[in-house]
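# Can you look at this prediction? I've put the sequence above it.
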Amino acid sequence: MLIKTKDITIKELLTKKEYEIPSFQRNYSWESIHTQEFLHDIIKYLKPDYTTKTVKTERYFLGTMVFVGGIDNESATQSVIDGQQRLTTITIILSVISKMFNDLKMDALSDATYNFIVFKDDFGKEKKVLKTESSFPYFTELVQMKTTTKTPITEEEETIEKTYKYYSDVLSEEKIYKEIKKVINDSRIEEIPYEEWLLKIRGQILDSIVISINTNEEDQANAIFEILNGKGKKLSSVDLIKNKIFEEIGNTLNDEAKEKWQTINKTLTSKNKKEKMDTFFRHYWAMKYKKVGEKALYDDFQQRVIRARKKPVSPSELLDDLVKQSLIYTEIMNPNLSDWKNKIEYNFLIQSMKSFEDVFKVVSARIALLALINARRNELIDQKKFKEAILFLEDFYMIFFSFLSSRASKIEKPISDFSIALSKSSNKADGHKVIQEKLIDKLSDLIEEGDMLTVKQQFTSLIYKKGTHSTNLLPKLILRKINCYYRNSIDYTNDSSVEHIMNEDDSNDLSLNIGNLILLEQTLNTEAGSKDFVDKLDSYKKSKYDEVLEFVSKHSKWDELDIPQRANDMYELFIKEIIHPKLRF
């Protein structure tokens with residue numbers, strides 16, 4: 001392997017040269033801590049001279065960067081193997097500084113700075129110093145052209161926008177002195193003009209030194225990438241897995257592997273609720289192979305896919321399955337009956353998935369849901385067992401997390417073990433057995449009879465306040481389930497709303513308590529309004545809900561003393577009749 005190394009400044013590195021981010025590189029992912037640390041490292045080496053009202057710079061070592069190409073012809077486009085995050089950040093901050101010089105009417109400095117972002121070749125044609133496909137055209141328009149009106153769509157684009165806005169904010173004339181004082185403990189820094197600080201921050205960046213390592217052997221790029229972990233945010237296991245998949249599949253005419261990986265990313269960010277590739281991949285792996293931590297994920301992937309003598313799946317097959325599973329995973333995060341061809345027999349599933357995402361907010365449920373949906377679509381379980389499993393899981397998560405506030409780590413391994421076993425089922429008999437033994441029986445054992453005192457205390461303390469409050473979601477879910485019980489149905493009604501029997505009063509906690517709540521048709525709720533209880537009864541009597549009519553038959557009057565008793569009665573009904581029999585004590 002031919003390798004060439006040399007010390008070079010960022011100014012030399014970015015002067016009339018082109019760099020491209022190869023397809024196997026991870027997306028731009030620097031977080032706030034990294035962008036702030038980078039700026040503070042730059043500021044740390046600035047030395048103010050109050051006599052001359054100037055700032056002096058010092059050489060700063062920015063680490064090692066590795067490129068493919070540039071050995072025989074330095075003007076040729078080079079591929080960035082290590083250093084992408086830093087080069088992207090540097091391009092963003094120089095773009096911000098160029099714009100600021102332009103706003104200050106310092107056109108020459110603005111243009112000179114812009115030359116490190118976009119330059120003209122010997123024929124007068126504009127060339128971008130840094131070329132990236134994963135965030136094109138957003139990165140080009142925001143950073144390299146400074147004219148974007150686009151809204152970021154992908155996670156990478158949102159990160160780019162966040163970094164751009166951060167530097168635009170902290171380097172503004174209103175904020176820059178405050179930021180510098182975080183690094184340079186000197187009360188006199190405001191004696192030096194804003195333009196000088198801005199100029200020397202630019203100078204400090206351009207004068208920074210990197211060790212440039214160039215190789216001309218492109219087929220070694222992936223191997224180099226795998227072992228290098230540069231300054232800044234470390235490579236995740238999923239970054240390494242992505243690289244290894246691309247290496248194993250190799251280059252194809254249509255860059256098939258790259259296109260599929262981008263398809264997965266786009267799928268995961270295509271709807272209202274988005275998710276990171278890392279989270280999706282870990283959940284996928286826990287559903288299909290093994291629940292492992294971040295550090296062990298890459299090693300487990302290597303053993304199962306790359307090094308295994310009898311490979312259970314090839315890298316290409318794995319990538320195809322990831323594309324398929326990302327679609328289901330996104331459906332789980334964004335429940336919609338249209339994904340199930342608007343078949344009303346799947347209303348219960350949409351309702352439950354919304355509970356997992358919005359009420360319980362414990363993402364490990366996605367692992368089990370992914371396995372269950374796959375099993376149902378592959379006809380490894382029937383509709384009856386599928387429904388039982390989903391509704392049991394919802395009941396369990398409600399008790400285990402919403403009422404007992406258990407740690408998510410307690411559930412991840414049994415959920416993974418169940419999902420893996422279900423994924424390996426070969427027929428309905430096997431699938432049904434796995435659901436009973438590894439899901440229902442196993443999880444039920446995690447809740448003990450002694451836990452139910454805590455469950456009762458939490459249940460009878462639930463409150464509901466008019467307006468949008470996260471605390472409203474659980475009591476409303478319970479009221480819906482009670483309504484379903486009386487209607488002998490599992491589908492929620494569409495015309496209901498939560499009614500405070502005794503009028504809501506923020507100064508009286510009892511008026512907000514679940515014992516003072518009942519589900520009522522929206523029109524009747526509006527009609528009842530803030531009337532006295534006796535007057536409300538006329539509206540309640542018009543209800544088609546059996547629990548409302550039962551309530552009316554038992555209560556001709558209502559006061560605070562009735563609320564705790566009704567809360568207890570609701571709890572007893574809920575625990576003894578409504579939740580899954582395996583969870584009843």
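Structure's in. What do you need? Numbers count the residues shown, from 1 in each chain.
# quick one: secondary structure of Leu206?
For Leu206, the assignment made with DSSP: H, G, I helix; E, B strand; the rest coil gives helix.
# Surely it and Thr9 touch.
Yes - counting by Cβ atoms under 8 Å, Leu206 sits close enough to Thr9 to count as a contact (6.6 Å). All C-beta spots, glycine's among them, are computed from the backbone N, C-alpha and C.
# neighbour-wise, which of those two wins?
Each of Leu206 and Thr9 has its neighbours counted (other Cβ atoms under 10 Å); Leu206 has more, 19 against 16.
# List the contacts of the more buried one.
The neighbours of Leu206, taking Cβ atoms under 8 Å, 6 or more residues apart in numbering as the test, are Thr9, Ile10, Lys11, Leu14, Phe116.
# which residues of the protein fall in strands?
For the chain, the strands defined by DSSP state E cover 3-9, 19-20, 47-49, 54-56, 61-68, 78-82, 118-120, 126-128, 130-131, 209-215, 496-500, 517-521.
# So what would you say the end-to-end distance of stretch 446-456 is?
Start and end residues of stretch 446-456 are separated by 17 Å (Cα to Cα, to the nearest Å).
# which residues are contacting that stretch?
396, 399-400, 403-404, 406, 410-411, 414, 568, 571, 575, 583, 585.
# State the pair within the residues you listed that is farthest apart.
Greatest spatial distance among these (Cβ to Cβ): Pro414 and Asn568, at 31.9 Å.
# Settle it for me: which of these two has more neighbours?
Between Pro414 and Asn568, counted using other Cβ under 10 Å, Pro414 has the larger neighbour count: 18 against 14.
# what's the burial count for the closest residue to that one other than its chain neighbours?
Once flanking residues are discounted, Pro414 sits nearest to Lys442: 5.3 Å by Cβ to Cβ, 6 or more residues apart in numbering. When counting by other Cβ under 10 Å, one arrives at 14 neighbours for Lys442.
# Settle this for me: Lys442 is touching Phe418, isn't it.
Yes - Lys442 is within contact range of Phe418, at 6.8 Å (criterion: Cβ under 8 Å).
# Most neighbours out of the contacts of Leu206, which is it?
Per-residue neighbour counts (other Cβ under 10 Å) across the contacts of Leu206 peak at Phe116, which has 25 neighbours.
# So for that one, what's the nearest residue that isn't a sequence neighbour?
Nearest to Phe116 is Leu14, by Cβ to Cβ, 6+ apart, at 4.2 Å.
# One more: Thr471?
Closest to Thr471 by Cβ to Cβ, 6+ apart is Ile463, at 6.4 Å.
# same check, this time on Glu156
Once flanking residues are discounted, Glu156 sits nearest to Asn27: 3.9 Å by Cβ to Cβ, 6+ apart.
# what's the answer for Ser134, then?
Excluding the flanking residues, the one nearest Ser134 by Cβ to Cβ, 6+ apart is Asn27, at 5.2 Å.
# Go ahead and confirm Asp382 touches Lys428.
Yes - when contacts are counted by Cβ under 8 Å, Asp382 is listed as touching Lys428 (6.1 Å).
# can you give me the helices in the stretch 451-585 of the chain?
With DSSP state H, counting those that start in this stretch as the criterion, the stretch 451-585 of the chain has helices at 452-459, 473-487, 522-528, 533-540, 546-554, 562-573.
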